[in-house]
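> here are the coordinates; sequence isn't available:
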C-alpha cells in the first residue's frame with residue numbers, strides 16, 4: 001500500500017510568529033495581499049494585529065470580509081470577483097476555518113476557472129493548477145485548515161456541506177500565532193478545541209490511518225487533554241493557548257492525509273441545514289459515536305485512554321475503551337458543550353433528513369465500523 005503525506009511548504013509557530021510575514025512575502029516574490037477575514041475579527045481588533053505588520057513593512061492589501069461562519073457558494077463567488085478586481089497576487093487568510101476555507105476556494109477557482117460554479121469542486125476535484133499562494137493565520141485552535149488539503153463550502157441551494165479535497169489548495173505558508181487567539185470567547189475556545197479532539201480521534205481510528213498519522217494524532221490527543229480546560233478557563237494563559245494552537249495543527253497534519261469518519265459525516269448536515277457551529281456538532285456527537293466505534297478499534301482506544309491519562313495496566317481493552325469514552329464525555333462537560341441535539345433546536349422529525357445527508361457525506365466511508373442510514377438515524381436519536 002502507498003501512503004501519501006502532504007504538508008505546507010513551511011510553517012511557523014509561537015506567540016508573535018506573524019512578524020515573519022514580510023520576510024516570507026518577499027521570499028515568495030509577492031506584492032499585494034487579498035485579506036480574507038470576517039467582520040468580527042476586524043471589529044475586535046484581531047485582524048489588526050496582522051495588518052499592522054503589513055503596514056509597517058509597507059505591503060499593500062485589500063480586505064474581503066464578507067465571510068459567513070459556514071461559508072457559502074455565494075460567498076466564494078463574491079470573493080473570486082473581489083480578488084480579480086483587487087490587483088492582489090496572494091491571499092492572506094486570517095480567521096478560523098470559515099476564512100481559510102473561503103480563501104482556498106477563491107484561490108483554486110482563480111487559477112482553475114473551469115470550476116467557477118463552485119459546486120463542481122465537491123469531493124476530489126481534478127484541478128490542474130495550484131491555488132493562488134495562500135498564507136494562513138488561524139485565530140482559533142480547532143479546524144487546522146491552515147495545514148489541510150480539505151475545505152468545506154455550504155451549497156445553500158441544496159442545503160448541504162460540500163467537502164472538497166484537493167492537494168492544490170493547501171496554503172503555502174501556515175503561521176500559527178497563539179497571540180491571535182487570546183481574545184477568543186470561552187464557548188468558541190471549547191467548541192473549536194473539541195473539534196480538534198474529534199479530528200485527532202477520528203484521524204486515529206479511520207480506515208486510512210497508518211503509523212505516521214497515528215504518531216501525530218496520539219500526541220494531539222495528549223496535548224488537547226492537557227491544555228484545553230486551562231485555555232477555556234484562563235483565556236490569556238499563554239502556555240495553554242500555544243499548546244492548543246500547536247495541538248490542533250498536529251491533528252490536522254494527520255487527518256488531512258488519512259481522512260475522518262461518521263462524526264464529521266453527521267456533523268456536516270447539522271451545519272448545512274440548521275447552521276449549528278461545526279465544533280459544537282462534532283463535540284456533541286463524538287462520545288456517542290466513539291461508543292459505537294469501539295468494537296472496531298479497541299487497540300486504538302487503549303492509546304486514547306493512555307493519552308488522556310485514564311489507562312491502568314489492569315484494564316482489559318474493553319475497559320480502556322470505556323474509560324476513553326468517559327474521559328471525552330467528562331472533558332466535554334467540563335467546558336460546557338451542549339449534550340443533546342434537542343438543546344440546539346433539533347426535533348425528532350428532522351432526523352431522517354439528517355441521516356440521509358450524513359450517509360452520503362464524503363467523510364462517512366472512512367469510519368472504522370460500517371454504517372447504514374438506519375444506524376446513523378439511531379445514533380442521531382441517541383444524541384437527541
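Happy to help now that I have it. On a predicted model such as this, the values are computed, not experimentally measured, just so you know.
> Just list the residues touching residue 244, thanks.
141, 178, 181, 189, 193, 196, 223, 224, 227, 228, 231 (Cβ atoms under 8 Å, 6 or more residues apart in numbering). For every residue, glycine as well, the C-beta is placed using N, CA and C.
> Kindly apply the preceding question to residue 35 instead.
Each residue near residue 35 by Cβ under 8 Å, 6+ apart is listed here: 47, 50, 51, 61, 62, 63, 64, 91, 92, 94.
> about what we covered before: list buried residues within the contacts of residue 244.
Neighbour counting with 16 or more other Cβ atoms under 10 Å marks 141, 178, 181, 189, 193, 196, 223, 224, 227, 228, 231 as buried within the contacts of residue 244.
> Where does the prediction get shaky in the protein?
Applying pLDDT under 70 to the chain picks out no residues at all.
> mind running it again at 90?
1, 68-70, 156-161, 236, 272, 275, 277-278 (pLDDT under 90).
> hmm, back to that, name the member of the contacts of residue 35 with the most neighbours.
residue 92 (32 neighbours; other Cβ atoms under 10 Å).
> Where does that one sit: helix, strand or coil?
When classified by DSSP: H, G, I helix; E, B strand; the rest coil, residue 92 comes out as strand.
> give the contact list for it.
Residues in contact with residue 92 (Cβ under 8 Å, 6+ apart) are 21, 33, 34, 35, 36, 50, 54, 61, 134, 135, 137.
> Report the buried residues of the host helix or strand of residue 218.
Residue 218 belongs to helix 211-233 when assigned by DSSP states H and E. By neighbour count on 16+ other Cβ under 10 Å, the buried set for helix 211-233 is 213-214, 216-229, 231-232.
> Now do the contacts for the nearest residue to residue 250 once chain neighbours are set aside.
Distance criterion Cβ to Cβ, 6 or more residues apart in numbering; nearest residue to residue 250, sequence neighbours excluded, is residue 220 at 4.4 Å. By Cβ under 8 Å, 6+ apart, residue 220 lies in contact with 196, 197, 199, 200, 247, 248, 250, 251, 254.
> what two of those residues have the greatest distance between them?
Spanning the widest gap among these are 197 and 254, at 13.1 Å by Cβ to Cβ.
> Quick one: distance of the helix holding residue 218 to the chain centre.
Offset of helix 211-233 from its chain centre (Cα atoms, centre = their mean, to the nearest Å): 14 Å.
> From residue 114, how far off is the spatially most central residue of the chain?
A centroid search over the chain (Cα atoms, centre = their mean) returns residue 143, at 2.1 Å, as the residue closest to the centre. Per Cβ to Cβ, to the nearest Å, residue 143 is found 27 Å from residue 114.
> And for residue 160?
Separation of residue 160 from residue 114 (Cβ to Cβ) stands at 22 Å.
> Among the two, which residue is more densely surrounded?
For residue 160 versus residue 114, neighbours defined as other Cβ under 10 Å are more numerous around residue 160 (20 against 11).
> Show me the beta-bridge partners of that one.
Taking DSSP bridges, one obtains residue 155 as the residues bridged to residue 160.
> close enough to count as contact, it and residue 153?
No. Using Cβ atoms under 8 Å, residue 160 is not in contact with residue 153; the gap is 9.9 Å.
> secondary structure class for residue 137?
Judged by three-state DSSP, the three-state class of residue 137 is strand.
> For the contacts of residue 92, pick the one with the most neighbours.
Most neighbours among the contacts of residue 92, by other Cβ under 10 Å: residue 36, with 32 neighbours.
> Tell me both backbone torsions, phi and psi, for it.
phi -100, psi 110 (degrees, to the nearest 10).
> Residue 353 and residue 346: what is the separation?
11 Å.
> So for these two, which residue has more residues nearby?
A direct count of neighbours by other Cβ under 10 Å for residue 353 and residue 346 places residue 346 higher, at 20 against 12.
> Helix, strand or coil: sort out that one for me.
Following three-state DSSP, the label given to residue 346 is coil.
> Correct me if wrong: it contacts residue 274.
Yes. Residue 346 is within contact range of residue 274, at 6.6 Å (criterion: Cβ under 8 Å).
> hang on, the earlier thing: considering the contacts of residue 92, which is situated nearest to residue 342?
Taking Cβ to Cβ as the measure, residue 342 sits nearest to residue 36 out of those, at 35.3 Å.
> Quick check: closest non-adjacent residue to that closest one.
residue 103 (4.2 Å).
> in the stretch 101-250 of the chain, which spans are strands?
Assigned by DSSP state E, counting those that start in this stretch, the stretch 101-250 of the chain shows strands spanning 123-124, 134-138, 150-155, 160-165, 173-176.
> okay, those strands, which one's buried deepest?
Among the strands of the stretch 101-250 of the chain, judged by mean count of other Cβ atoms under 10 Å, the one packed with the most neighbours on average is strand 134-138 (a mean of 27).
> still on that earlier bit, ok, the residue nearest to residue 250 to residue 199 distance?
The spacing between residue 220 and residue 199, counted by Cβ to Cβ, is 8 Å.
> what do the two both touch?
Joint contacts of residue 220 and residue 199 (Cβ under 8 Å, 6+ apart) are 248, 251.
> okay, now residue 245: neighbour count?
29.
> got it, and the one 3 residues further on?
Other residues within reach of residue 248 by the criterion other Cβ under 10 Å amount to 30.
> ok, now how distant is the closest residue to it other than its chain neighbours from residue 254?
On the basis of Cβ to Cβ, 6+ apart, the spatially nearest residue to residue 248 that is not a chain neighbour turns out to be residue 196, at 3.8 Å. Here residue 196 is placed at a distance of 12 Å from residue 254 (Cβ to Cβ).
> what about the helices in this protein?
21-27, 39-43, 46-56, 73-86, 97-111, 186-205, 211-233, 238-258, 262-274, 278-293, 298-307, 317-334, 351-360, 373-383 (DSSP state H).
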